[in-house]
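Peer 1: coordinates only, sequence not included:
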């Protein structure tokens, strides 16, 4: 292989041109205010030329490095500080070319470290011509007839190599001096700062160009209005390529300033051909052709590029062709999906044919793939086919409000393998398409989006069912999102354990808001029931304890606690919640004793003189204060049959206190107590009876806070 210095000379010429071009680029351009477009056009051209120059500086030396690959060649390069000097061949049968070049390179590395100026001489050793160092008498290499180029003899070749080695050694010694390092570092810093300035300028240019592009493409009259995003992406990629080329050129130039970095760069470029040869070695045999790993990677890259190209063409077809036909969106989606799959399949067939692969030889591979689909990738194939069925039948569409199993949300995207559903918590769930065909799916938006809500309500026994119906209908009609057609309905479902059960049925037009509407209706129902004085009862159960010993024990204990009261008589509570207790109280004045049972107060009693008397707010407040302070009622925790009732007082004691303090009769005291219940000041601990003159427990509402 003949040695040529042409690649190196081209590199030096371009390195000489680069600083001149950079100075031309930094020169200010004088322009008038009415010639802005001309200035920006010239600046864009300068950026393009700078990018091309950086690319040339990056690629020019690559062939020279690739040409020096020492893998099993007859000629191997001799390198010093990353620069190729010449090439040597085999030295008889004892040294191969690679071994010989390694010995010469090591000798040159030792020689270049010498502090004395390098001087090489040509000497004869027997019948051979050798090159030696004059100072150290170090043998560098021996010139054979096989090393001579066409034309000159071995002596002329030795003199030529002596001059080349001597120049390279002196240059290497110069580059290892402190003066050279100082100048090189200053030059490197200047180049880096200049590259940073250019990089920042490119960033500002991208902002300016993006703004100008938006102003131009945002106009409705622009024919490229729909290509705004694509144009932005193209501009970004172009400037990114220019920036990458700029920093590649800077890195190449900086590594060329210092011997060690230049050697590392040479080793890197020398490794790339080895890696390329390794990747280019055959690894797969299909039919009569062998394919390397590099070819398979290239085929994979072309396949990915084909997929993106088909997707881009499909979007154009859907936007500019199907969009103008006036077809329904779901029909357009089906046609676009089929077009994409068809073009992808045909593109793969054409790509394989161009690649030189016989499609007929893939029959065995297709059979194996079919078995693999039947066993290994059955779920993937099932989801893919389910996606096609969903695409054709359209049981669900984008924007539908669906429920799949326990998953509830809105369909955002229907893909080939899976579907994305956004739940009410704004969490995107990816559901395989097969679930929509194998399980039950509730689609509130399918067909008619109007759906019905059912709200169960229970009211206390004894409530007027007509008032219940009116209250529920009023609450439903007051909501703005409840449809008036069909009319809201109230159904009487039956008699529950502790309530009358009703169902409020309303219709809404937006199924996605059913939970919010249901919550609003519950608020309105509770407010309306309060206005109509309808009660929602607590769950109630009857508990019967049959234990004579327990009754006797509790009776003896109660007599010890309240000796002035007689033994209580147990009666059944009116509502069946808990047994009530009555005590026969024997007053000092028998004429005033008119209350001895648990019957409700009569209308005559409720209209007594105490109630008819107009009490002011101050009188009521003073009475309550007197009842609660010391010297008033005995308010404490009381127990009855293993139940504790905190902060309560006894009705009979309250009547006695009112008779003594208010100077009224027992009837008037009972009426006054009932008046306090009606005003919401006191209440029975179980809220099951009115005010009685017996051993019933009552409590102030303020004591419950």
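Peer 2: Nice, thanks for sending it over. These numbers come from a predicted model, not from an experiment. Numbering: from 1, shown residues only.

Peer 1: please enumerate the strands of the stretch 501-650 of the chain.
Peer 2: Using DSSP state E, counting those that start in this stretch, the strands of the stretch 501-650 of the chain run over 569-571, 580-582, 636-640, 643-650.

Peer 1: buried ones in the following helix or strand past the longest one?
Peer 2: To tie it back to what came earlier, the one meant is strand 643-650. Sequence-wise, the next helix or strand downstream of strand 643-650 (DSSP states H and E) is helix 651-662. By neighbour count with 16 or more other CB atoms under 10 Å, helix 651-662 contains the buried residues 651-659. For the C-beta atoms, the positions are set from N, CA and C on the backbone; glycine is no exception.

Peer 1: and if you look at stretch 206-214?
Peer 2: Buried residues in stretch 206-214 (16+ other CB under 10 Å): 206, 209, 213.

Peer 1: let me see the mean pLDDT of that stretch.
Peer 2: For stretch 206-214, mean pLDDT is 82.

Peer 1: list the contacts of it.
Peer 2: Contact with stretch 206-214 is made by 228, 231-232, 235-236, 239, as judged by CB atoms under 8 Å, 6 or more residues apart in numbering.

Peer 1: what's the farthest-apart pair in these?
Peer 2: 228 and 239 (16.8 Å; CB to CB).

Peer 1: report the distance from stretch 168-183 to the chain centre.
Peer 2: The chain centre lies 56 Å from the centre of stretch 168-183; the measure is CA atoms, centre = their mean, to the nearest Å.

Peer 1: so where's the stretch 101-250 of the chain uncertain?
Peer 2: 145-147, 149-152, 217-228 (pLDDT under 70).

Peer 1: residue ranges for the helices of it, please.
Peer 2: 154-175, 178-217, 228-255 (DSSP state H, counting those that start in this stretch).

Peer 1: deepest of these, which one?
Peer 2: helix 154-175 (a mean of 18; mean count of other CB atoms under 10 Å).

Peer 1: now do it against helix 178-217, angle only.
Peer 2: 80 degrees (axes from the mean of the first three to the mean of the last three CA atoms, to 10 degrees).

Peer 1: and helix 154-175, what does it pack onto?
Peer 2: Secondary-structure packing of helix 154-175 (3 or more CB pairs under 8 Å, 6 or more residues apart in numbering; DSSP states H and E): strand 76-80, strand 83-88, helix 97-112, strand 120-125, strand 128-133, strand 139-143.

Peer 1: mind listing what's buried along stretch 419-435?
Peer 2: 419-421, 429, 431-435.

Peer 1: could you list which of those belong to helices?
Peer 2: Within the buried residues of stretch 419-435, residues falling in helices by DSSP state H are 434-435.

Peer 1: in a helix, that's where residue 392 is, yeah?
Peer 2: Yes: assigned with DSSP: H, G, I helix; E, B strand; the rest coil, residue 392 falls within a helix.

Peer 1: against residue 387, how distant is the closest residue to it other than its chain neighbours?
Peer 2: Leaving aside its sequence neighbours, residue 392 sits nearest to residue 334 (CB to CB, 6 or more residues apart in numbering; 6.3 Å). Going from residue 334 to residue 387 by CB to CB, to the nearest Å gives 12 Å.

Peer 1: those two: which has the busier surroundings?
Peer 2: residue 387 (22 against 17; other CB atoms under 10 Å).

Peer 1: and the more buried one, what is it in contact with?
Peer 2: Counting by CB under 8 Å, 6+ apart, residue 387 has contacts 414-418, 433.

Peer 1: coming back round to it: among the buried residues of stretch 206-214, which one sits closest to residue 310?
Peer 2: Checking the buried residues of stretch 206-214 one by one against residue 310 (CB to CB), the nearest turns out to be residue 213, at 27.1 Å.

Peer 1: and the closest residue to residue 638 other than its chain neighbours, how many neighbours?
Peer 2: With CB to CB, 6+ apart as the criterion, residue 638 has its nearest non-adjacent residue at 5.1 Å, and that residue is residue 645. If you count neighbours by other CB under 10 Å, residue 645 ends up with 15.

Peer 1: doesn't residue 695 make contact with residue 645?
Peer 2: No: using CB atoms under 8 Å, residue 645 is not in contact with residue 695; the gap is 11.9 Å.

Peer 1: hang on, the earlier thing: let's see which of the contacts of residue 387 end up in strands.
Peer 2: 414, 418 (DSSP state E).

Peer 1: follow-up on the earlier one: okay, the helices and strands packed on helix 154-175 in CSV with mean neighbour count and distance to residue 174 next?
Peer 2: Shown next, in CSV, are the helices and strands packed on helix 154-175 (neighbours: other CB atoms under 10 Å; distance: least, CB to CB, whole Å):
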stretch, mean neighbour count, distance to residue 174
strand 76-80, 24, 13
strand 83-88, 21, 13
helix 97-112, 17, 10
strand 120-125, 14, 16
strand 128-133, 19, 17
strand 139-143, 20, 19
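
Peer 1: count of residues packed around residue 646?
Peer 2: Using other CB under 10 Å: residue 646 sits among 13 other residues.

Peer 1: if we can go back for a sec, dump the helices of the stretch 101-250 of the chain into JSON lines; add distance to residue 684 as well.
Peer 2: Shown next, in JSON lines, are the helices of the stretch 101-250 of the chain (distance: least, CB to CB, whole Å):
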{"stretch": "helix 154-175", "distance to residue 684": "107"}
{"stretch": "helix 178-217", "distance to residue 684": "76"}
{"stretch": "helix 228-255", "distance to residue 684": "74"}
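
Peer 1: determine which of those approaches residue 484 most closely.
Peer 2: Of all the helices of the stretch 101-250 of the chain, helix 228-255 comes closest under CB to CB, at 45.7 Å.

Peer 1: packing partners for that closest one?
Peer 2: Against helix 228-255 (3+ CB pairs under 8 Å, 6+ apart) you get helix 6-26, helix 36-59, helix 178-217, helix 259-279.

Peer 1: what about the stretch 451-600 of the chain, any weak spots by pLDDT?
Peer 2: Those would be 544-548, 550-551, 558-600, if you go by pLDDT under 70 across the stretch 451-600 of the chain.
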